[in-house]
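A.B. asks: Have a look; sequence and predicted model below, questions after that.
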Amino acid sequence: MANLEVTVNGMTLPNPFVIGSGPPGTNANVISKAFDEGWGAVIAKTVSLDASKVVNVAPRYARLRANDSREIFGWENIELISDRPFDAWIDEFKQLKDKYPDGCLIASIMEEYNKDAWIEIVQRCEEAGVDAFELNFSCPHGLPERKMGAAMGQNPEILEEVCTWVNSAATKPVWAKMTPNVTDITVPAEASLRAGCEGVAAINTILSVMGVDLETLRPEPSVEGYTVPGGYSCKAVRPIALRMVMQLGQLIREKYPDRTISGIGGVETGEDAAQFILLGAHTVQVCTGVMKFGYGLASTLCDGLSAFMDKHGFESIDDFRGHSLQYFTTHADLVQRQKDAKAAAKRARMVKKDTEWSGDEFVEQSEALSRD
Ligand SMILES: Cc1cc2nc3c(=O)[nH]c(=O)nc-3n(C[C@H](O)[C@H](O)[C@H](O)COP(=O)(O)O)c2cc1C
C-alpha cells in the first residue's frame, strides 16, 4: 500500500487531506471528530479578535442539484467567519492541542487593515499551541464591507504588507488563502510569497448568485426577501480550482520551489485529490464534501488516493506531485504538435514492406522512412 504521509513546511501529516476552514471546523467537538476519523490536519473556522462584529444570518446556504439524480454539485453560502468569542476559541485550541498533541491544528485568521490586530491574533493563537496559520484573504461576502477577506486578497500591495506583519510575528508556518475572484491569481499569490509566507492555499469560494425563485421572484438564499452575492463551492468549482492550482504550481516550480500549495475546491474523492497533487498541490483541503458526506470521508479519500498510487506504482506523494504540469503549453505549440503528428501518421501510412516494392517505389518508400 502506498505511503500517504506528507511533510509540508516542516510539519509531517499522516495523509494530505486537510479539513478546509468552514463549518467542519467550527468548534472543538467537531475538530476532535475530524482527528478521530484520521484527517491529516484541520483548519479551524476563521477567527478574528472581535467576534461581536460578526453576525450570521439564516438561511445562509443554497444548493444546486442535478435534475435527474438530485445530486448536489453546487453550493452557495453567505456565511461569515466565526461569530464565537475569540477567548472561547483560544481555550478550545489549547484543549485540542492537549488532547491531540500530534494532530496538526491550523488557525485560520482574519483581521482588518491594522498591524497591531494581526500581530496580536498571531501571538495569541501561537500561545494556545496552534501548529500553523492560514490567512483568510478570500471570504467574498460581508467582510469586504470592512475591507477584510477578499477585499484584502484583491489588493496585492495591502496583502503583501499584511503578510509581512504576520510573518514578523509568526514562528509557525503561514499559508495565504487566495480568492479566485481576481483576474490573475498568481499576482496576489506572489505578493504573499514575497512577504515570506511558506505556502498558498487556493481556492476560496467563487462569487455567485445561486438563482432566482420564479414564484416569489426573490434571489436565493433569501433572508427576509433579500440576499447578497455569496461564495460558490462543491464539485462544480473543481475545474476552475484545478486551473488556478495549475497556475500556482507553475509559479512555485519556477520561482519559489521551497514553498507549498494547499489545493481546494470540489474535492470528494481520492481521484479528485490526485489531480490537485498532479498539478503541484502538497495538501488537499475539503470543506463542502465534508458537509455532504461527514468526517468518515477521510478513509474514502485515503483509499482512493492509495489505489491511484498503487495503479501507477507511485510509492509516495512526492513521486507524482506536479507531474502533469509539464503537459501545459501554448496554443501555438498545440497546433505545431498536431501538424507534426499528422505528418508522422501520413508517413507511417505510406510505409510498405520491402517485399511489396515494385519499380522505383523505393524512392517514395525512402522518403516515407526518412526523418528530416
Ligand atoms: C459554508 C461555508 C463556510 C465557509 N467558511 C469559510 C471560512 O470561515 N474561512 C475560509 O477561509 N473559508 C471558508 N469557506 C471556504 C472553504 O474553506 C473552501 O475554500 C471552499 O468552500 C472551496 O472548497 P470546497 O469545494 O471543498 O468547499 C467556507 C465554505 C463554505 C461552504
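C.D. replies: The structure has been received and is ready for your questions.
A.B. asks: need the helices for the stretch 251-372 of the chain, in chain order.
C.D. replies: In chain order, the stretch 251-372 of the chain shows helices spanning 270-278, 288-293, 297-312, 331-350, 361-368, with DSSP state H, counting those that start in this stretch as the criterion.
A.B. asks: Please name the residues that touch Gly10.
C.D. replies: Shown in contact with Gly10 (CB atoms under 8 Å, 6 or more residues apart in numbering): Pro173. For the C-beta atoms, the positions are set from N, CA and C on the backbone; glycine is no exception.
A.B. asks: so how far is Asp131 from it?
C.D. replies: Between Gly10 and Asp131 the distance is 10 Å, computed by CB to CB, to the nearest Å.
A.B. asks: buried stuff in stretch 323-341?
C.D. replies: Within stretch 323-341, the residues that qualify as buried are 324-325, counting by 16 or more other CB atoms under 10 Å.
A.B. asks: typed the wrong thing, it's stretch 22-30
C.D. replies: Of the residues in stretch 22-30, those scored as buried under the neighbour-count criterion (16+ other CB under 10 Å) are 22-25, 27-28, 30.
A.B. asks: returning to what we had before: can you pull the residues that touch both of Gly10 and Asp131?
C.D. replies: Residues touching both Gly10 and Asp131 comprise Pro173, with contact defined as CB under 8 Å, 6+ apart.
A.B. asks: and the two most separated of the buried residues of stretch 22-30?
C.D. replies: Checking the buried residues of stretch 22-30 against each other with CB to CB, the farthest-apart pair comes out as Gly22 and Ala28, at 15.6 Å.
A.B. asks: any idea how far Gly249 is from Asp272?
C.D. replies: When distances are taken as CB to CB, Gly249 and Asp272 turn out to be 16 Å apart.
A.B. asks: helices and strands of the protein: which one has the lowest mean pLDDT?
C.D. replies: Among the secondary structure pieces of the chain, namely its helices and strands, helix 361-368 has the lowest mean (mean pLDDT, DSSP states H and E), a mean of 84.
A.B. asks: Which strands and helices lie in contact with that one?
C.D. replies: Identification of packing neighbours for helix 361-368 by 3 or more CB pairs under 8 Å, 6 or more residues apart in numbering; DSSP states H and E yields helix 331-350.
A.B. asks: for the helix it packs on, packing partners?
C.D. replies: Under the contact rule (3+ CB pairs under 8 Å, 6+ apart), helix 331-350 is packed against helix 361-368.
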